[in-house]
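Peer 1: the following comprises the amino acid sequence and a computationally predicted model.
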Amino acid sequence: MIRILSTAGTEFRIALRNRWVAIALLLMAVFSLVLSLAGSAPTGGLGVDRLSVTVASLTSLSVYLIPLLALLMSFDAIAGETERGTLPLLLAYPIARWEILLGKLIAHLAILSLAVLLGHGLAAAVAISTDDTAIQGLPALARLSWSSVLLGATFLGAGYALSALSRRPSGAAGLAIGLWLGLVVLYDLALLTAIVADNGGWFTTTGFPIALLANPADAFRLFNLTASGATAAAAGVGGAADAIPLWQSLSSVLLWPLAALALAAAAFRKVTP
Amino acid sequence: MTSTLTISTLTKRFGEVAALTGVSLTVAPGERVALLGHNGAGKSTLMKIILGLIPATSGEITICDAAPGSPAARRAVAYLPENAAFHPALTGLEQIRHYLALRGESPSLAMPLLEKVGLGQAARRRIGTYSKGMRQRVGLAQALIGHPRLLVLDEPTSGLDPISRREFYALLDDLAAQGASILLSSHALTEVEARTDRILILSKGRLVAEGSLPDLRRRADLPVTLHVTARNGYAPDIVRALPGAILVDGALHLTCAQGDKLETLGRIAGLGDKVADLEILPPSLEDLYSHFSQGAAR
């Protein structure tokens, strides 16, 4: 336990010195503020409180930003140690590889949680200060917060796995950006294209929901939109949220972090210093 | 208590390339053993196998009755890699505190350790600002953590100035006196000569020689060199008396086999007042090293 906590403390310190903490906090704060200020304009007509509308916009933001931040923090985790030449000495110490990974995860997850709390706290403060009924949106915001942290854990695990597989930080960075583009941007485009081509056939009714649940970013969006009943405010792939039961998207949100971390541990075990 | 480290018929192949072939050795508690060899002779590979970082192809290794890489073995072994590297954003103090925690020791021991290796002043500066010698000292400090039963040191004195090297070997002597075994590799043969109990010479993945320095000298049977300085004008007399002597820079250089050493000395002593000075140069470790390495190559 001491070994894991010491690793976490050391990693947090390194992230602090490398400005990753500042970058994550600043990005989340700025984007959340912009969304909560801009998102407060059209509230009255929809009949929902300001914070619930902001949560819908924050969900879309988190789908892009949380995976990006997580991958940026994690791609160097193992490849960087290999390149600096610090890995052989570390592995000669009486610490198991999963303990090293867990220590790094705790540090990176703490940074992501801080950024999420700061961003969401600011958004809530803006919404509540201008609209008394916005307090009704707090449960949805809390749900968004913890599911954001789980989404972060998934992409941290994926980042560690890529870092262990590529052995070079530059290669790991390329793979991480590729994964982000693939899962967060291109995946949805491909699904929409498939639906259009399919024209109401098997893919639209059966394949599409499975494809959404299989992607951690899409499952995260579905879960938050379904749970807050904010599908009306969502566009694009999010509009499919009605068709998929909540327990399914929740399962995907909960299982993906475990799967990604297991993948990372398996990839790290294969690294020979 | 038997040996700290036992290796028997260890072989390591990387695909078709044999990095180590049939290496067997033991290191006893408190023994200081130097591992010598060319670049690529297999020194670092042998060390990584001992640490459990890479698996052996065949052969057996036990470290304090445990398998290499097992938690028990990792607790017993300290390692100093060649060109020790650390995260540049951490200070020396933070890095050593972390390593102490990993070994289950109190982080408050970090400062005394850094002072021991002469880094007390720089402890709170980032390692990114350190020179190579200072990083090497951080490496030494971490290798001293706890009470390792075996220290595996890969080129430990590279980057250190002569005075630091002497201090470093003094630290090793203390550890060995407390029963720690030391296996180190080095290119600086002269320092190994004075500071180790036993020498292993590795060539192309095979152990070609093993023993104390006098042992190896006797086995190599390399000629001894004698430098005789003649009193003014007597040089030609001495050359006549000692066949094979040649005049170099005013001194007479003579070589003879180990077995003929005393007889030759007797003849020089017999020249009496004609000899001003006499120096005997035994074969150096460099000579022994190239003798044994080339012997293996043939």
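Peer 2: Nice, I can see it.
Peer 1: test my guess that A:T130 contacts A:D49.
Peer 2: No. Contact between A:T130 and A:D49 fails when scored by C-beta atoms under 8 Å: they sit 10.5 Å apart. For glycine as for every other residue, the C-beta is placed from the backbone atoms N, C-alpha and C.
Peer 1: so what touches the helix or strand that contains B:E94?
Peer 2: B:E94 is part of helix B:92-102 when elements are defined by DSSP states H and E. The contact list for helix B:92-102, computed with C-beta atoms under 8 Å, 6 or more residues apart in numbering or on different chains, reads A:2-3, A:5-7, A:9-10, A:13, A:93-95, B:86-87, B:90, B:106-107, B:109-111, B:113-114, B:119, B:122-125, B:127, B:130, B:134, B:138, B:141-142, B:145.
Peer 1: okay, that helix in CSV with CA atoms only?
Peer 2: Only the C-alpha atoms of helix B:92-102 are listed here, as CSV (Å, rounded to 0.1, in the frame of the first residue of the first chain):
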residue,chain,number,x,y,z
GLY,B,92,17.3,14.2,-5.5
LEU,B,93,15.6,14.2,-2.1
GLU,B,94,12.2,13.3,-3.5
GLN,B,95,13.6,10.5,-5.7
ILE,B,96,15.4,8.9,-2.8
ARG,B,97,12.4,9.3,-0.5
HIS,B,98,10.3,7.4,-3.1
TYR,B,99,12.9,4.6,-3.4
LEU,B,100,13.0,4.3,0.4
ALA,B,101,9.2,4.0,0.5
LEU,B,102,9.4,1.3,-2.2
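Peer 1: please indicate which of the contacts of helix B:92-102 are buried?
Peer 2: A:3, A:6-7, A:9-10, A:13, A:93-95, B:86-87, B:90, B:107, B:109-111, B:113-114, B:119, B:122-123, B:127, B:130, B:134, B:138, B:141-142, B:145 (16 or more other C-beta atoms under 10 Å in any protein chain shown).
Peer 1: hang on, the earlier thing: okay, and which of the contacts of helix B:92-102 map to strands?
Peer 2: Taking DSSP state E, every one of these sits outside strands.
Peer 1: and A:G39, what pLDDT?
Peer 2: With respect to pLDDT, A:G39 scores 63.
Peer 1: what helices or strands is the host helix or strand of A:S148 leaning on?
Peer 2: Using DSSP H and E, A:S148 falls within helix A:138-166. For helix A:138-166, the packing partners by 3 or more C-beta pairs under 8 Å, 6 or more residues apart in numbering or on different chains; DSSP states H and E come out as helix A:50-74, helix A:79-84, helix A:97-130, helix A:169-180, helix A:216-228, helix A:246-269.
Peer 1: residues of it that come out buried?
Peer 2: Neighbour-count burial for helix A:138-166 [16+ other C-beta under 10 Å]: A:138, A:140-141, A:143-145, A:147-166.
Peer 1: gap between it and the chain center?
Peer 2: Chain-centre distance of helix A:138-166: 4 Å, with C-alpha atoms, centre = their mean, to the nearest Å.
Peer 1: over to stretch A:245-260?
Peer 2: Chain-centre distance of stretch A:245-260: 13 Å, with C-alpha atoms, centre = their mean.
Peer 1: can I get that stretch in PDB? Just the C-alpha atoms.
Peer 2: Extracted C-alpha coordinates of stretch A:245-260, given in PDB (Å, rounded to 0.1, in the frame of the first residue of the first chain):
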ATOM      1  CA  PRO A 245     -32.200   1.100 -21.600                       C
ATOM      2  CA  LEU A 246     -30.300   2.900 -18.900                       C
ATOM      3  CA  TRP A 247     -28.900  -0.300 -17.300                       C
ATOM      4  CA  GLN A 248     -27.100  -1.100 -20.500                       C
ATOM      5  CA  SER A 249     -25.300   2.200 -20.900                       C
ATOM      6  CA  LEU A 250     -24.500   2.200 -17.100                       C
ATOM      7  CA  SER A 251     -23.000  -1.300 -17.400                       C
ATOM      8  CA  SER A 252     -20.800  -0.100 -20.300                       C
ATOM      9  CA  VAL A 253     -19.700   3.000 -18.300                       C
ATOM     10  CA  LEU A 254     -18.800   0.800 -15.300                       C
ATOM     11  CA  LEU A 255     -17.200  -2.100 -17.100                       C
ATOM     12  CA  TRP A 256     -15.000  -0.200 -19.600                       C
ATOM     13  CA  PRO A 257     -12.600   1.200 -16.900                       C
ATOM     14  CA  LEU A 258     -11.900  -2.400 -15.600                       C
ATOM     15  CA  ALA A 259     -11.400  -3.700 -19.100                       C
ATOM     16  CA  ALA A 260      -9.100  -0.900 -20.100                       C
END
